[in-house]
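Peer 1: sequence and predicted model, in that order:
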Amino acid sequence: MSAPNLKIDNLHVSIEDKKIVKGFDLEINGGEIHAVMGPNGTGKSTLASALMGHPKYEITEGNVAFNGEDLLEMEVDERARAGLFLAMQYPSEVSGVTNADFLRTAINGRRGEGNEIPLMKFIKQLDKKMDLLDIDQEFAQRYLNEGFSGGEKKRNEILQLMMIEPKIAILDEIDSGLDIDALKVVAKGVNEMRSEDFGCLIITHYQRLLNYITPDKVHVMMQGRIVKSGGPELAERLEAEGYDWIKEELGIEDETIEA
Amino acid sequence: MSTETKDLQYDSNDITGFSKERQEPQWFTDIRLKGLELTGQLPMPKPEKTRIIGWNFTQFEHKADSRTFDSLEDLPVHIKQLVGQDDESGNVLIQHNGHGAYQVLSEELKAKGVIFTDLQTALKEHGDLVEKYYFSKAGKIDKHRLTALHAALVNSGTFLYIPKNVVIDVPLQTVYWQENPKVGFINHVIVVAEEGSSVTYVENYLSEEADGEGVANIISEVYVGDNAQVQFGAVDNFSKNVTVYVNRQGHVGRNGKLEWALGQMNDGNTISENLTELVGEASIADTKAVSVGRGDQKQSFVNNNQHYGKHSESMMLIHGVQKDSANSIFNGITKIEHGGTKSSGDQTQRVLMLSDKARGDANPILLIDEDDVIAGHAASVGRIDPVQLYYLMSRGISKKEAERLVIHGFLAPVVNQLPIEGVKKQLVEVIERKVQ
Ligand SMILES: Nc1ncnc2c1ncn2[C@@H]1O[C@H](COP(=O)(O)OP(=O)(O)OP(=O)(O)O)[C@@H](O)[C@H]1O
Ligand SMILES: [Mg+2]
């Protein structure tokens, strides 16, 4: 099996005829961790949702290849089964469906009929990952995200990431709303996944998370596209100085997608 | 307004003869005759926004052949599966075409004075006790033509009596198996939990698919004494050709608690009335009901919590799925009578639409005759949330499977409440079959 690859080429995304992502380029390979930072409302979540196939977002231009295949031609579940994962900024709640049933259905969806995961094996894996993420056992039987606190939802997204073991994961503000201990736990989960067979795109506002998960590349997003890329030191400078120096350097006055 | 139905084909001689054949006490025959008389006088029920003209409630065969079974092993698999196993086992009554066909009640419960038997036997052996409750506070013979018809022609039933302070921790279960749905199934259930007692009762109705039309007319009276508790679970699963009238009524004493968990999965036209009267101070009702409408079936569900006692409390959760061109009306009534001070009543009714042609109406009705109370309601009719589906699909779950999860989740509140694994499984399977 070759290392995973996600190649985004000149991507344009609209929502309700409003252009939000405008010419986004990025390539992510297995073994790499990329961070995307940028001021509020510059199109980061839109990019993530469009890649996953959210029904509200329309792709008006550009290509995305996932392991050589046309990602944009695939249904949402096909993208997931091909190995793409998105930890969402605002995960949905599903009443009446337990976390455990949901996860087992998801895993079996990927494994296919006739190859379902044996129940005991599933329970063992779930126990292990929940332990690692410091999630109370009772969460397995709680309804999916229903009544979860903000931080619990984020942890649950990482639990799903670890159980599903995708090839490329996008983490949209996985650190927002987390206390410092939870942040470390979530970082531990992501680092556990790190390998040549796993690539990751982390969307974040804070250097904090990147102290625990060192990225290979850091990109700054403004006006719906990447305006600057660098190494981990770029994130540190943003943390210290904010975005103004980049705007000055590039002659950007309005960084939002309205520009 | 016309609510004419086809005429009844019985007279008082038929009724008296039928009653004699069953060796019923005179008082019971008298109620039958009164029922017959009222049947001719009273109008049909008029469920709101549901036209029942042409529904067959009166044409059916009245007598059916039935069999008895010496052991559970003799029952067909789909019936046997419903019966509780291991910890849940021991107390079951199986009625075949309206007759007691197999029955077990543990010696321990018998010794404590628990009575659990079919209505015909109860009338013979405990006539006085039955007389005290039959069509008394929680059942009205003269509500409309169908209750009167029921009194005239009742041909099946269950009597469950829990003496004072007897607490039963295993569920008691009745399975009604209609192999010949052409027969009018007129079934009367009485559950009496005396002061300080506690019981969980589960009933299963199922009829086989067959040619010809059938009728089910069911009245349940549940008496919850002071400080007593009753959990009443049900799975109704009549086939398409059976028209159903089902009326479940509870009467709750001081500090008593009545919990309903109703899986209403009939495939034919159905009128369902559920009413809990909170008579005693600090009495509690918890009503949960789920249903699935499919095909061109029409259904009317009225759920009603009525507060008389001070500090009484009611919860109501009604979830209905509508597909194909099914049509259902859900009326949730919370009524707080004058004198029911410091009571609280809350209701939620949600309808999930799976097709453009289906219709569903959820009407919350709060009737408050007292100032110092808390009452709340929520009602909605909607489709599966596309963002929820997107979330599930983004984990590799197919659209079909994701919809299935959401629907099962929507109906889970009642499934989870049923105390017998076999019944729970059956409800899940019925849901599966109905929504796929
Ligand atoms: N459903 C929608 N309808 C209308 N506008 C939308 C919708 N979703 C996003 N937008 C707009 O698109 C722009 C980009 O939003 P997006 O969520 O992608 O930003 P972001 O970079 O993730 O911001 P943040 O850092 O605050 O999460 C915003 O101006 C937002 O208001
Ligand atoms: Mg965002």
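Peer 2: Cool, got the structure. Ligands and ions are numbered 1, 2, ... in the order given.
Peer 1: what pLDDT does the residue lying closest to A:P55 once chain neighbours are set aside get?
Peer 2: Spatially, and ignoring its direct neighbours in sequence, A:P55 is nearest to B:P386 (5.3 Å; CB to CB, 6 or more residues apart in numbering or on different chains). In this view, the C-beta of every residue, glycine as well, is placed from N, C-alpha and C. pLDDT recorded at B:P386 is 95.
Peer 1: surely B:P386 meets A:G53?
Peer 2: No - with contact defined as CB atoms under 8 Å, B:P386 does not reach A:G53; the gap is 11.7 Å.
Peer 1: dump the residue contacts of residue 125.
Peer 2: Chain wasn't specified; assuming chain A. By CB atoms under 8 Å, 6 or more residues apart in numbering or on different chains, A:Q125 lies in contact with A:M163.
Peer 1: not quite, I wanted chain B
Peer 2: So B:E125 contacts B:T117 (CB under 8 Å, 6+ apart).
Peer 1: next, it: phi, psi?
Peer 2: Main-chain dihedrals, B:E125, degrees, to the nearest 10: phi -100, psi -30.
Peer 1: just to revisit the earlier point, give me the more crowded residue out of B:P386 and A:G53.
Peer 2: The neighbour comparison of B:P386 against A:G53 (other CB atoms under 10 Å in any protein chain shown) goes to A:G53, with 22 against 11.
Peer 1: how far away is the more buried one from A:E78?
Peer 2: In this structure, A:G53 and A:E78 are 9 Å apart, going by CB to CB, to the nearest Å.
Peer 1: now do A:S229
Peer 2: 30 Å.
Peer 1: neighbour count winner among those two?
Peer 2: More neighbours surround A:E78 than the other of A:S229 and A:E78, with 16 against 13 (other CB under 10 Å).
Peer 1: how about that one, secondary structure?
Peer 2: At A:E78, secondary structure determined by DSSP: H, G, I helix; E, B strand; the rest coil is helix.
Peer 1: next up, the contacts around it.
Peer 2: Contacts for A:E78 (CB under 8 Å, 6+ apart) come out as none.
Peer 1: now do the buried residues in the helix or strand bottoming out on mean pLDDT in chain B.
Peer 2: Ranked by mean pLDDT, DSSP states H and E, the helix or strand of chain B with the weakest confidence is helix B:77-80, at a mean of 83. By 16 or more other CB atoms under 10 Å in any protein chain shown, the buried positions in helix B:77-80 come out as B:79-80.
Peer 1: CA atoms of whichever helix or strand comes after it as CSV?
Peer 2: Downstream of helix B:77-80, the next assigned helix or strand under DSSP states H and E is strand B:92-96. C-alpha atoms of strand B:92-96 as CSV (Å, rounded to 0.1, in the frame of the first residue of the first chain):
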residue,chain,number,x,y,z
VAL,B,92,-46.6,-15.6,31.0
LEU,B,93,-50.0,-15.9,29.6
ILE,B,94,-50.5,-16.8,26.0
GLN,B,95,-53.9,-16.3,24.4
HIS,B,96,-54.6,-17.8,21.1
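Peer 1: average pLDDT across strand B:92-96?
Peer 2: pLDDT averaged over strand B:92-96 gives 89.
Peer 1: and what of stretch A:159-176?
Peer 2: pLDDT averaged over stretch A:159-176 gives 95.
Peer 1: swap in stretch A:191-200?
Peer 2: Here the average pLDDT along stretch A:191-200 is 95.
Peer 1: what does stretch B:419-436 give?
Peer 2: Rounded mean pLDDT across stretch B:419-436 is 88.
Peer 1: so for it, what gets flagged as buried?
Peer 2: Buried, per 16+ other CB under 10 Å, within stretch B:419-436: B:419-420, B:422-424, B:426-428, B:430-431, B:434-435.
Peer 1: and for stretch B:292-311?
Peer 2: B:292-294, B:297-311.
Peer 1: burial measure for the residue of the stretch 201-350 of chain B found nearest ligand 2, as a count.
Peer 2: Of all residues in the stretch 201-350 of chain B, the one sitting closest to ligand 2 is B:R350 (30.3 Å; CB to the ion). By other CB under 10 Å, the residues close to B:R350 number 20.
Peer 1: same thing with the one 5 residues further on?
Peer 2: By other CB under 10 Å, the residues close to B:S355 number 13.
Peer 1: contacts only, for it.
Peer 2: Per CB under 8 Å, 6+ apart, neighbours of B:S355: B:322-325.
Peer 1: could you look up the SS state of it?
Peer 2: With three-state DSSP as the criterion, B:S355 reads coil.
Peer 1: in chain A, which spans are strands?
Peer 2: A:5-15, A:18-29, A:33-37, A:57-66, A:69-70, A:84-87, A:168-172, A:199-203, A:217-222, A:225-230 (DSSP state E).
Peer 1: isn't B:E194 up against B:P163?
Peer 2: Yes - if you go by CB under 8 Å, B:E194 and B:P163 touch, sitting 5.4 Å apart.
Peer 1: so what touches the least confident helix or strand of chain B?
Peer 2: With CB under 8 Å, 6+ apart, helix B:77-80 has contacts from B:72-73, B:94, B:175, B:177, B:206.
Peer 1: could I get the residues you listed as JSON lines with distance to B:A285, neighbour count and secondary structure?
Peer 2: Output for the contacts of helix B:77-80, formatted as JSON lines (distance: CB to CB, whole Å; neighbours: other CB atoms under 10 Å in any protein chain shown; DSSP: H, G, I helix; E, B strand; the rest coil):
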{"residue": "B:L72", "distance to B:A285": "34", "neighbour count": "14", "secondary structure": "helix"}
{"residue": "B:E73", "distance to B:A285": "39", "neighbour count": "7", "secondary structure": "helix"}
{"residue": "B:I94", "distance to B:A285": "29", "neighbour count": "25", "secondary structure": "strand"}
{"residue": "B:V175", "distance to B:A285": "26", "neighbour count": "24", "secondary structure": "strand"}
{"residue": "B:W177", "distance to B:A285": "30", "neighbour count": "22", "secondary structure": "strand"}
{"residue": "B:L206", "distance to B:A285": "27", "neighbour count": "22", "secondary structure": "strand"}
